[in-house]
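Student: turn this into a structure:
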Amino acid sequence: MTDLEDVVDELGIARFVPGTAQATIRSLDDSLNGVAGRTAVWIEFDSGDEPARLNAATAQQLEAGISMALNQRLPVVISLSTSGTDIEEGMVALSGWGRVASRLTACSGVIPTIIIVNGPAVSGPALLLGVADFTIMTETSSAFVNGPVMVEQFTGIDIDVEELGGAATHARYTGVATMVVADREAANIAAQDLLAYLPLNVDDEPPRWPLLDPADRPCPEAGDQIPESSTGSYDVRKVATEIADEDSVFEVRDRWAANVVTAFATIDGRPVGIVANQPMVLAGTLDIPASQKAARFVAFCDAFNLPVITLVDTPGFYPGKDLEWRGMIRHGAQLVFAYARAQVPRICVILRKSYGGAYIVMDSKTMGNDLCLAWPFSEIAVMGAGQAAAILARRASPEERAEFEADYAERLLNPYVAAERGFIDAVISPEDTRAEISAALEMLADKREMLVERKHGNSPF
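Tutor: Numbers count the residues shown, from 1 in each chain. The predicted structure follows:
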């Protein structure tokens, strides 16, 4: 096997010797923003009508390509289409994909990893999609550990490929697909757009984008999105769009756990990660998928030096026996763990409602954020007035309960009580939000991680 690092020529191009797969160091022309000089190792199977079988030779080439990316400290993009481990080769092939999984895991938190699925991803190799930071699936692709035949044999349920593991299934129900695109060309563009926000490796800074939008631009439209009724819904993505640089918001996993929004953006040319409750879906409450989605995104941003901007509007955790039995405590703790561990600049903006445990986990001051801002009409309390009345005034008459709710709202449902106690750094006008965040990012630009004397924490996966 040729050592790829020995064949890098003056143009920065490296290729495998002819075989099942090839790897190339590419200088990418980012279509989204014109950021120059982005480079990645691109690994792909030879094009053909049939998906490749992952045999020993293919595994060796994949392993070598991933190792090259790790050694060169460059992001790696893998275009995958495989019918699974080669049955005829048996244990040799099985061992090969295990080595590939090991090398890809070694990349985690060191270099960004992206997998493009343009066909099937079957059996053990499908698990690589869960290891990668981002998975881009084309509309006709699919992925599953056990296929329809195995499902029918073990469970008696007849199911087709699309329902079991199609791209739409993974985008909506499993969260495996970071995004679904039309075809291979669109997937390549999406991968390049993603890389435009990311550093080359853990020791690098995210690329500064061209400064085309004034840092202190007022954004009154952000506040205009909030309805007069405290129970009214709105699209928090419009708030994020108003605060961020023009045309810079790039949402990931938009179909899965839509009650929380995760997106990359830039503010004053600085790439950031945005986590926001979405009042349009489940009133912005937090459930298990939303906690998992937000926690993984925060952990990624922390690993690759991206500041985290949290936009809060949530009445709390979604109640229900089913969620509790499925482990709401354990999965909710993932979000707690991710925020508390994050060392990158963290800025929280409370847009409207922030109640109870959800107030804490959405990067509250108590969790260690660097700056906590609130809009003047935001409500910060243990619970809403109606919930408090149901507990504290449950034996009162309707008139007394209404009086209790009005008094509770006036005295406690405002940001100034929290500000007096230091839990809110400033109450600001919505139109000043972009300017305040821009100034804070400038101030926090030199923030560095304080290393702790332990191998790693025990994350509540």
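
Student: name the nearest residue to the spatially most central residue of the chain, sequence neighbours excluded.
Tutor: With distances taken as Cα atoms, centre = their mean, residue 297 lies nearest the centre of the chain, 3.1 Å away. For residue 297, ignoring the flanking residues on the chain, the nearest one in space by Cβ to Cβ, 6 or more residues apart in numbering is residue 262 at 4.1 Å. Glycine gets a C-beta too; all of them are placed from N, C-alpha and C.

Student: what packs against the helix or strand where that neighbour lies?
Tutor: Using DSSP states H and E, residue 262 maps to strand 260-267. Contacts defined by 3 or more Cβ pairs under 8 Å, 6 or more residues apart in numbering; DSSP states H and E place strand 260-267 against helix 236-243, strand 250-252, strand 270-277, helix 288-303, helix 433-443.

Student: so the protein: which segments form each domain?
Tutor: 4-195, 220-378+414-443 (automatic domain parsing).

Student: weakest of those domains by average pLDDT?
Tutor: With a mean of 81, domain 4-195 has the lowest mean pLDDT of the domains of the chain.

Student: run the chain-centre distance for that domain.
Tutor: 19 Å (Cα atoms, centre = their mean, to the nearest Å).

Student: how many residues are close by the residue nearest to residue 110 when sequence neighbours are not counted?
Tutor: Once flanking residues are discounted, residue 110 sits nearest to residue 202: 5.3 Å by Cβ to Cβ, 6+ apart. Applying other Cβ atoms under 10 Å, we find 13 residues neighbouring residue 202.

Student: which of the three states applies to residue 202?
Tutor: coil (DSSP: H, G, I helix; E, B strand; the rest coil).

Student: the residue nearest to the centre of the chain and residue 235, how far apart?
Tutor: Here the criterion is Cβ to Cβ, to the nearest Å. By it, residue 297 lies 19 Å from residue 235.

Student: and what of residue 430?
Tutor: Per Cβ to Cβ, residue 430 is found 15 Å from residue 235.

Student: more neighbours: these two, which one.
Tutor: residue 430 (23 against 14).

Student: list the contacts of the closest residue to the more buried one other than its chain neighbours.
Tutor: The shortest distance from residue 430 to any non-neighbouring residue, by Cβ to Cβ, 6+ apart, is to residue 223 (2.7 Å). Residue 223 makes contact with 375, 429, 430, 431, according to Cβ atoms under 8 Å, 6 or more residues apart in numbering.

Student: picking up where we left off before, thought the residue nearest to the centre of the chain was touching residue 252?
Tutor: Yes - with contacts counted by Cβ atoms under 8 Å, residue 297 reaches residue 252, the gap being 7.4 Å.

Student: shared neighbours of these two, anything?
Tutor: Listed as contacting both residue 297 and residue 252 by Cβ under 8 Å, 6+ apart are residue 262.

Student: ok, the residue nearest to residue 430 to residue 287 distance?
Tutor: In this view, residue 223 and residue 287 are 27 Å apart by Cβ to Cβ.

Student: would you pull up how far stretch 278-295 lies from the middle of the chain?
Tutor: 13 Å.
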